[in-house]
Each structure stands twice: as C-alpha cells, then as structure tokens.
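**Student:** Have a look at this prediction, sequence included:
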Amino acid sequence: MWERIFEIVRKELRQSLRNPRVRMTMIAPPIIQTIIFGYAVNLDVEHVRLAVMDLDRSETSRDLIRKFTGSPYFTLLGEAQNDRAAQDLIDRGDVDAVVRIPVHFGETIGRWHQSEVQVLLDGSNSNTASIISQYAAGAIAAFNQDTLRGQQNERLVGRTTHGAVLLAMPNIRLDTHVWFNPELKSRYYFVPGVLVNIIMIVTLILTALSIVREKEIGTMEQIMVTPIKPIELMLGKTIPFALVGFADSVLVTALALLLFHVPFRGNALFLAFTAALFLLSTLGAGLFLSTISRTQQQAMMLAFFFIQPAFMLSGFTFPIRNMPQPVQWITLLNPLRYFMEIVRGVFLKVIGIDVLWPQVLILGVMGVVILVSSALRFHKRLD
C-alpha cells in the first residue's frame with residue numbers, strides 16, 4: 001500500500017514541478033503576498049499633513065499650534081486664512097487635517113473659561129481619519145494639561161499673596177504600556193496572517209486541480225485499471241500538496257523573521273502541529289472541489305468562490321468583533337478564523353496549547369469532518 005502511495009506522491013511532485021504554472025503557484029504567492037502586506041499594506045499613520053486656521057493669533061493660540069508641530073506625527077504645511085481656503089486644502093488632498101482656532105480663543109482661556117477648537121479631517125479614509133483624530137486629541141490634551149498647570153500656579157500665587165493657601169488640584173498621570181506590539185506596527189499584525197492565507201490558497205487550489213487534471217488529460221482511465229485503491233489515490237494526491245504547504249509555511253516564516261523582523265515568541269513545533277490540523281481542512285476542501293468539478297477552469301472558479309469569503313471572514317483585516325452578530329456566527333464555521341488566532345498568538349504572544357486549546361480542538365474537529373466528508377465523495381472513477 002505505502003509503496004503505491006509513495007509512487008503516486010513522487011509522480012505528482014514531478015508532474016507539478018515540471019509545470020511552470022504550478023511552480024509559480026507554489027513559489028510566487030508566498031513571496032509576493034508577504035512583501036505586499038509587509039511593505040505596501042500599512043495602516044500606520046506617521047506623517048499627517050497639517051494646516052492651521054488661526055483666527056485668534058494670540059500667544060495662547062500659538063502655544064496650541066506648537067503642541068501639534070512638536071508632535072512627531074504632524075507636519076505643518078501651510079495656513080488657511082478662511083473657511084473656504086481650509087475646505088479647498090482638504091478637497092484637493094493637499095492636507096489631511098486642518099486645526100481651526102476661533103477668535104478670542106486666548107482671551108477665553110485666560111479668563112479660565114472653556115473654549116473650543118475645531119479639527120477638520122479628510123474622512124474619505126475612515127481608518128486614517130480615526131487615527132489622526134486620536135493624535136489631535138493627544139496634542140490638545142497636552143495643551144490642556146499645561147494650561148491647567150499654569151492656572152493652578154497663578155491661583156496659588158494670588159491666594160498666597162492674600163494670606164490664603166490653595167491646595168493643588170489632584171492630577172492623574174497616564175502611563176500606557178502596549179503589550180506584544182509596542183511600536184504598533186501594522187506589519188506585525190498582517191504578515192503572520194499571510195501564513196494562513198498562503199497555506200489555504202496553495203493547498204486548496206493545487207489539490208482541487210490535481211484530480212480534475214487527470215480527468216481532462218485522459219489519464220484517469222489508466223488509473224482506474226490499476227490496482228490502486230481510492231484511499232491510496234486520495235493520499236497520493238493530497239500528501240504532495242501538504243508538503244508544499246509546509247514548505248511555503250517555512251518560506252513565509254523566514255521572510256517574516258529575516259526581512260520584516262516580526263517577533264516569533266511562541267513554539268515552532270506547536271505552530272507546525274496546528275498547521276497540520278489546518279491542512280486537514282484545506283486539503284479536504286480542495287478534494288471536495290475536485291470531486292464536483294469537471295474542468296480545471298471550473299475547479300479554479302469554485303476555489304476562488306471559497307477563498308474570498310473565507311479570507312474576509314477570518315479576521316485577517318477586519319476584527320470579527322466589529323462584524324454584525326449574524327456574520328460573527330457564520331465565522332464560527334470558518335477554519336481560517338481559528339488558525340489565524342493561533343498563528344498571531346504564536347508569533348506575537350508567548351502562548352501555546354494551555355491558552356489556545358479551544359481553537360486547536362475546534363480546528364482539529366473541523367479538519368477531520370471536512371476531510372472525511374470529502375473522502376466519502378471521492379471515487380476512483382470519471383464521474
């Protein structure tokens with residue numbers, strides 16, 4: 001039995017490596033996706049193009065502007081004289097934000113009254129606008145803190161002169177520590193997820209095409225007259241692409257560590273074990289698609305219809321907790337969701353089976369169910 005399986009595996013590997021398109025499918029996607037998500041897909045906002053509309057032109061308004069320009073995130077590009085000019089700057093895309101300081105701003109603050117500052121944002125990119133809004137809130141909060149400290153000092157001096165003593169107002173100092181990704185680099189979030197997508201894409205597509213290719217080129221009839229059993233043919237067709245999946249996993253992990261310096265804090269053996277469980281799902285899905293397809297083109301189209309929803313509902317880009325509740329229930333049936341959580345936990349956190357055992361258990365059960373169900377549909381016949 002194992003001799004026949006070995007011969008099928010060897011034949012499949014030789015046939016796949018001899019085909020230029022299959023070779024490109026094995027090698028190109030891991031490298032291209034890793035580079036794209038590591039370099040091009042970047043949600044970090046580091047250089048905010050800023051303009052100011054200072055209608056007050058007081059020392060206090062200039063202090064506020066200095067809080068923005070002193071931040072490493074803002075670059076002051078110009079000044080708007082009126083509302084129309086500010087709107088034109090945003091409409092043309094020359095700036096990302098405009099800080100509008102009203103008339104009598106300094107006088108209002110000097111009387112210890114509350115004043116308002118307007119921050120106009122380009123909301124065409126909601127994620128960028130949200131981050132810039134947080135940066136602006138931080139700069140204004142720093143200005144408020146300095147202003148409050150100055151007012152407290154003035155009151156202390158004034159009350160002490162008249163013989164009264166004013167106790168200092170309570171003050172809370174915020175000390176924030178970011179775990180697992182201290183620099184908040186988006187590549188640390190995206191690149192580990194590429195590993196999940198590569199395993200799914202490569203193994204599912206190649207497995208789906210392998211059996212359909214036998215039907216198209218007419219070699220299935222030759223296989224049918226051999227003593228090979230269906231289980232042997234199934235194993236011989238899936239094992240080569242499981243090896244390809246592991247090889248691509250090693251390639252993506254090496255690129256993540258050497259090229260993008262993504263931290264790897266977990267256990268490599270645990271990652272390999274969970275990858276094997278995930279392969280049960282992808283190989284089973286590819287095998288299922290091969291049994292319901294009659295041409296390679298049909299198998300390819302069905303594979304992409306499966307890959308796109310699974311990718312979007314995996315939590316790779318969009319947090320699952322932000323999705324509508326019915327959609328969150330659908331994601332419970334997506335194996336990518338659980339492997340995505342495992343991979344990011346292994347890369348960025350020092351966690352293993354003691355924490356991730358629910359995801360490992362669900363991934364294993366789903367893999368076995370999908371593979372067994374697909375194997376039951378698999379028959380050593382043309383139809």
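**Tutor:** Structure's in. What do you need? Because the structure is a prediction, the values reported are computed rather than measured. Numbers count the residues shown, from 1 in each chain.

**Student:** Can you say which helix or strand has L77 in it?
**Tutor:** strand 74-79 (DSSP states H and E).

**Student:** ok now that strand, how far from the chain's centre?
**Tutor:** Remark: strand 74-79 is offset 31 Å from the chain centroid, using C-alpha atoms, centre = their mean, to the nearest Å.

**Student:** what's that strand packed up against?
**Tutor:** strand 48-54, helix 59-69 (3 or more C-beta pairs under 8 Å, 6 or more residues apart in numbering; DSSP states H and E). Just so you know, the C-beta spots here come from the backbone N, C-alpha and C atoms, and that holds for glycine as well.

**Student:** Which one of these lies nearest to L348?
**Tutor:** strand 48-54 (26.6 Å; C-beta to C-beta).

**Student:** Span of stretch 51-69 from start to end?
**Tutor:** Taking C-alpha to C-alpha, to the nearest Å, stretch 51-69 runs 10 Å from one end to the other.

**Student:** what pLDDT does E183 get?
**Tutor:** Model confidence at E183, given as pLDDT, is 74.

**Student:** roughly how far apart are it and Y189?
**Tutor:** Separation of E183 from Y189 (C-beta to C-beta, to the nearest Å): 11 Å.

**Student:** now do D96
**Tutor:** The gap separating D96 from Y189 is 22 Å, by C-beta to C-beta.

**Student:** For the two, indicate the residue with more neighbours.
**Tutor:** D96 (23 against 20; other C-beta atoms under 10 Å).

**Student:** Would you map the helices across this protein?
**Tutor:** With DSSP state H as the criterion, the chain has helices at 2-18, 20-35, 59-69, 83-91, 105-110, 126-161, 186-217, 220-224, 230-258, 268-292, 296-312, 325-331, 335-348, 353-377.

**Student:** Any buried residues in the first one, and which?
**Tutor:** Taking 16 or more other C-beta atoms under 10 Å as the neighbour-count basis, helix 2-18 is seen to contain the buried residues R4, I5, I8, V9, E12, S16.

**Student:** wait, which of the helices of the chain is closest to L120?
**Tutor:** With C-beta to C-beta, the closest approach to L120 among those belongs to helix 83-91: 6.2 Å.

**Student:** Between strand 74-79 and that closest one, find me the angle.
**Tutor:** With axes from the mean of the first three to the mean of the last three C-alpha atoms, to 10 degrees defining the directions, helix 83-91 sits at 130 degrees from strand 74-79.

**Student:** chain center to helix 83-91, what's the gap?
**Tutor:** The chain centroid and the centroid of helix 83-91 are separated by 34 Å under C-alpha atoms, centre = their mean.

**Student:** what helices or strands is it leaning on?
**Tutor:** strand 48-54, strand 97-101.

**Student:** where does the stretch 151-300 of the chain dip in pLDDT?
**Tutor:** 151-178, 220-221, 223-225 (pLDDT under 70).

**Student:** If we use 80, what do you get?
**Tutor:** Applying pLDDT under 80 to the stretch 151-300 of the chain picks out residues 151-185, 210-211, 213-233.

**Student:** Give me the domain ranges for this structure.
**Tutor:** Taking automatic domain parsing as the criterion, the chain consists of the domains 2-41+185-377, 48-161.

**Student:** hey, which of those domains is tucked in deepest?
**Tutor:** Ranked by mean neighbour count, the domains of the chain are led by domain 2-41+185-377 with a mean of 18 (mean count of other C-beta atoms under 10 Å).

**Student:** I'd like to know how many residues surround E46.
**Tutor:** 9.

**Student:** Excluding covalently adjacent residues, which one is nearest to it?
**Tutor:** Once flanking residues are discounted, E46 sits nearest to Y73: 6.5 Å by C-beta to C-beta, 6 or more residues apart in numbering.

**Student:** send the alpha carbons of stretch 232-245 over as PDB?
**Tutor:** C-alpha atoms of stretch 232-245 as PDB (Å, rounded to 0.1, in the frame of the first residue of the first chain):
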ATOM      1  CA  GLU A 232      -4.400   5.300  -1.800                       C
ATOM      2  CA  LEU A 233      -5.100   7.600  -4.700                       C
ATOM      3  CA  MET A 234      -6.600  10.200  -2.400                       C
ATOM      4  CA  LEU A 235      -3.500  10.100  -0.100                       C
ATOM      5  CA  GLY A 236      -1.200  10.200  -3.000                       C
ATOM      6  CA  LYS A 237      -2.900  13.300  -4.400                       C
ATOM      7  CA  THR A 238      -3.000  15.200  -1.100                       C
ATOM      8  CA  ILE A 239       0.300  14.400   0.600                       C
ATOM      9  CA  PRO A 240       2.400  16.300  -2.100                       C
ATOM     10  CA  PHE A 241       0.500  19.400  -1.500                       C
ATOM     11  CA  ALA A 242       0.600  19.100   2.200                       C
ATOM     12  CA  LEU A 243       4.400  19.100   1.800                       C
ATOM     13  CA  VAL A 244       4.100  22.100  -0.400                       C
ATOM     14  CA  GLY A 245       2.000  23.800   2.300                       C
END
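
**Student:** now it, how far from the centre of its chain.
**Tutor:** The answer for stretch 232-245 is 29 Å, by C-alpha atoms, centre = their mean.

**Student:** go on, stretch 27-36?
**Tutor:** In terms of C-alpha atoms, centre = their mean, the centre of stretch 27-36 is found 15 Å from the chain centre.

**Student:** outside of it, which residues touch it?
**Tutor:** Contact with stretch 27-36 is made by 191, 194, 197-198, 201-202, 248, 251-252, 255-256, 259-260, as judged by C-beta atoms under 8 Å, 6 or more residues apart in numbering.

**Student:** Now it: average pLDDT?
**Tutor:** Averaging pLDDT along stretch 27-36 gives 84.
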